[in-house]
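[1] here is my input, please return the structure:
(2 chains)
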There are 2 protein chains.
Amino acid sequence: MTDDQELGITESKEYDTGEWYAEVVRKANLASYAPEGMSGFIVTRPRAYEVWERIQAHLDGLFKDTGVRNAYFPLFIPESYLEREKDIVEGFDPEVAWVERAGNDELEEPLAVRPTSESIITPYISQWVRSHRDLPLRVNQWASVVRWEATETKPFFRTKEFLWQEGHTAHATREDAWAETTRRLDQYEATYEDLLAMPVLRGAKPEHDKFPGADTTTTVEALMPDGKSVQGATSHYLGTSFAEAFDITYTDEDEESQLAHTTSWGLSWRAIGALIMTHSDEQGLVLPPALAPEQVVIVPIWQADTRDEVLSYAEGIEADLTEAGIRVELDDRDERNPGFKFNEWELKGVPLRMEVGPNETADGSVTVVHRPDGESTEVDREGIAATVEDHFDEVYAKLYAAAEENLESNVREAADRAGILGTLGQHGGYVKAPWCGEEACETEIKDQIAAEIVMVPLDDPDAEVHHGEECAVCGEDATETAYYAKSY
Amino acid sequence: MTDDQELGITESKEYDTGEWYAEVVRKANLASYAPEGMSGFIVTRPRAYEVWERIQAHLDGLFKDTGVRNAYFPLFIPESYLEREKDIVEGFDPEVAWVERAGNDELEEPLAVRPTSESIITPYISQWVRSHRDLPLRVNQWASVVRWEATETKPFFRTKEFLWQEGHTAHATREDAWAETTRRLDQYEATYEDLLAMPVLRGAKPEHDKFPGADTTTTVEALMPDGKSVQGATSHYLGTSFAEAFDITYTDEDEESQLAHTTSWGLSWRAIGALIMTHSDEQGLVLPPALAPEQVVIVPIWQADTRDEVLSYAEGIEADLTEAGIRVELDDRDERNPGFKFNEWELKGVPLRMEVGPNETADGSVTVVHRPDGESTEVDREGIAATVEDHFDEVYAKLYAAAEENLESNVREAADRAGILGTLGQHGGYVKAPWCGEEACETEIKDQIAAEIVMVPLDDPDAEVHHGEECAVCGEDATETAYYAKSY
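    Next up, the predicted model:
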């Protein structure tokens, strides 16, 4: 497509991360902004949608292997259903888009375009659960939801409509539901690590920042290179609040009626935003091999008299890689020179470039160049598919190591208010500090520096280090360790 | 889930197809009706959604192998965009659901919940196409759309929201765009035949029943056992009408500006409805093996003293089938007797039942029963996975043959109005008749018997037999062969 031709990133990742991000998204053909009158919406172009499909396939496999079945519930939720769980309506009402006219009729009851589906899924779970033998019951749907947020659009990070999956489960006991909550958090963590090459921190949201109606909201948080945290996915233990609102009861083994415990958990296309932001650079998009639409590009380097020979050699390599299931592109365009092609494929985020010219053709070799750092190696033509897989592992390891280094060097401690503010102001990243659990203390920090408590660690022995100490903000007894950070 | 327990279909497929269909959908746990206030919507339960996922995977593979890339466009379309192609707005306006209030604001411009996405996708295709080198351009999305139809809901056949895929392409020439239109129709036909075990007829819709804005609408039509036709999927050659409305021009090889030719094509979950209606019977759901959530159920038949031995034998078979990638369920519930289990799995549409008792265990054999007709065979335990694959082929062949027999014996000819009305009234099915091409002649039939022209054959030599004859309704010169049928 023609706009591919506009190469080169002009903005600086370090000094203007927002502009740089927008430029990468646009020039790597990942997304376009929606029409006028629809600010906050984006068009997800095929190159980004392919990344989403791969994340989806990976996560869907993990879910199905652990007892989850997909289903599809209506796009709309009657207002009266949304109102049945009071926290949900309070939490989401300001962000809901309403349908009140359809066909040529005014509707008797306004329909909410789903901002999340607990209020339409839970009543059905209630119908489907009668006995303890029906539990656990797990459904998931891949769908889009709409939240009419006023803040500025950032493709994938913050859009009024976004793609996600939402899982909803019911269990006999608190223990089972809690185990489900952490199982899904584990799967999100593993997906970020194994597929997106991003380490994450696991924690719980503070009480005042939970999902509406939840008992506990757990989160995986990823640190962006600009020092801000991204909520990568959340998994909620909902307690019995939705079961009460929508009457999910079951008869236990003693024929007694019991309330079920429910969970919900979701990962959205924000993962794509975090992925782009984490690995990409001032040449453009960088992707882990497992997620890249094209994993290898072969750029032949020829003169008129060597063209046929080099092209034929390159085609042989392309055939071997295709045969091995590797996604490869042979860029044999005559109208572009190799330098242009290098730039274009770097912009598009192809993890491995192969250069083959008359020397490689004569030697039976291939020059392999890693996208993230330009490291170049001459390898044997023989066994090229296996060699490529090794280089994919190396590229993944480099990406993961860089992200891990960023995370590890940006978790700092502070013991008082000045320390929190000073450290966040100077370095960004996470600042760990003892906390009393009161929202007011977070508000004090937020008012000064627009940072918040993004999580308190979950099941981490180090989390307890601040117990017995004083809240860094108010000086009262600390009960938790808070991770303060600016966030997306 | 508890409502599984309600076994047995009480309605007659032959005498009350509608009630029978609704009962199968409900008792086989395929779908539930949406809440009050949302009539026309359904909840797609996991067993039906799995069928949809398999149809989706098959079709998506065909698309990707032929140059299509998936993308995702916004759920909403600004009213002014919908109005830019006048036929679209006339065709869909009465069925559109509108969002006019979101968050706490009245929107400046109403947003349509997409009834189909030409009006939001075409403007982007226009941005992405500059030169003939950008063509063909093909995108597809898997999404739900909303059409506020007033007619009664029939799960999968007619719902206000439905899941589908919609492909949208742009081409340099009429020939290329027409080839695309028929390529997609071929793929729909192949999906019905190979995967759903349903023969279909290919044709074009009459001029007056085209997709709004289309030059030609092609269709695959399937004949249901009650004699009504179902439009199984459509593929539209849109000519240059959308390219004109949304300005898709490209520079050709001579640097001249040209209008592109576009197509769109879609298959919805109506395919699931047609599948259920075609193959199922008065014991419940019948599915081809490739689409069944469970392909094989093993029902062990034991007494107290043979239980352990039989169960262990059954578990060995289960392990072999699982190893071979076959979806198998071993029903080892103690609280249910074999007869109950037979009925339950028949209701749920499992294509192959295995019965293993003390005799089979002693003989090293397995009794295999085909779902569609109860045919029972004793086969060797040895090599069971390969044997099962053969039986899957047999089951598929039986289903296809029955559907083909229904189709072939229900295409009849008529030469005059009385013939059309009499044949449709007596037999249903398709009545072929010479037609002048005027809508008025169809209207005459429709007013009398609620049948319509569902298609005129496409690229079929037999289609021409009526040329030179007289229109069966008005007696003017016939130009086409019309297929009259009642339809869903």
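
[2] hey, which helix or strand in chain A has the poorest pLDDT?
    Sorting the helices and strands of chain A by mean pLDDT, DSSP states H and E puts helix A:86-92 at the bottom, at a mean of 80.

[3] that one packs against which elements?
    Secondary-structure packing of helix A:86-92 (3 or more Cβ pairs under 8 Å, 6 or more residues apart in numbering or on different chains; DSSP states H and E): helix A:79-82. For glycine as for every other residue, the C-beta is placed from the backbone atoms N, C-alpha and C.

[4] how about the CA coordinates for the least confident helix or strand of chain A, as CSV?
    Extracted in CSV, the C-alpha atoms of helix A:86-92 (Å, rounded to 0.1, in the frame of the first residue of the first chain):
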residue,chain,number,x,y,z
LYS,A,86,-25.0,-1.3,41.8
ASP,A,87,-21.2,-1.0,41.7
ILE,A,88,-21.3,-1.9,38.0
VAL,A,89,-23.7,0.8,37.1
GLU,A,90,-21.9,3.4,39.2
GLY,A,91,-18.6,2.4,37.8
PHE,A,92,-19.5,2.3,34.1
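
[5] what's the first helix or strand after it?
    Later in the chain than helix A:86-92, the nearest helix or strand by DSSP states H and E is strand A:97-102.

[6] next up, phi/psi of the spatially closest residue to residue A:67 that is not a sequence neighbour, please.
    Residue nearest to residue A:67 in three dimensions, not counting chain neighbours: residue A:138, with 5.4 Å by Cβ to Cβ, 6 or more residues apart in numbering or on different chains. In terms of degrees, to the nearest 10, the main-chain angles of residue A:138 are phi -130, psi 120.

[7] so who does residue A:138 touch?
    For residue A:138, the contact set (Cβ atoms under 8 Å, 6 or more residues apart in numbering or on different chains) comprises A:67, A:68, A:69, A:167, A:168, A:169, A:180.

[8] one more time with 7 Å, if that's ok
    Neighbour list for residue A:138: A:67, A:68, A:69, A:167, A:169 [criterion: Cβ atoms under 7 Å, 6 or more residues apart in numbering or on different chains].

[9] how far away is the fourth one from residue A:187?
    Taking Cβ to Cβ, to the nearest Å as the criterion, residue A:167 is separated from residue A:187 by 10 Å.

[10] just the third one next, same as before
    In this structure, residue A:69 and residue A:187 are 15 Å apart, going by Cβ to Cβ.

[11] could you list the paired strands of the helix or strand harbouring residue A:366 along with their orientation?
    In the assignment (DSSP H and E), residue A:366 maps to strand A:365-370. Partners of strand A:365-370 in the sheet, by DSSP bridges, are strand A:352-356 (antiparallel), strand A:376-380 (antiparallel).

[12] so which of those is the most packed in?
    strand A:352-356 (a mean of 23; mean count of other Cβ atoms under 10 Å in any protein chain shown).

[13] right, and the helix or strand after that one?
    helix A:358-363.

[14] okay, now the domains of chain A?
    A:17-279, A:296-392, A:411-486 (the TED database).

[15] between these, which one is closest to residue B:236.
    Smallest distance to residue B:236 across the domains of chain A (Cβ to Cβ): 21.3 Å, for domain A:17-279.
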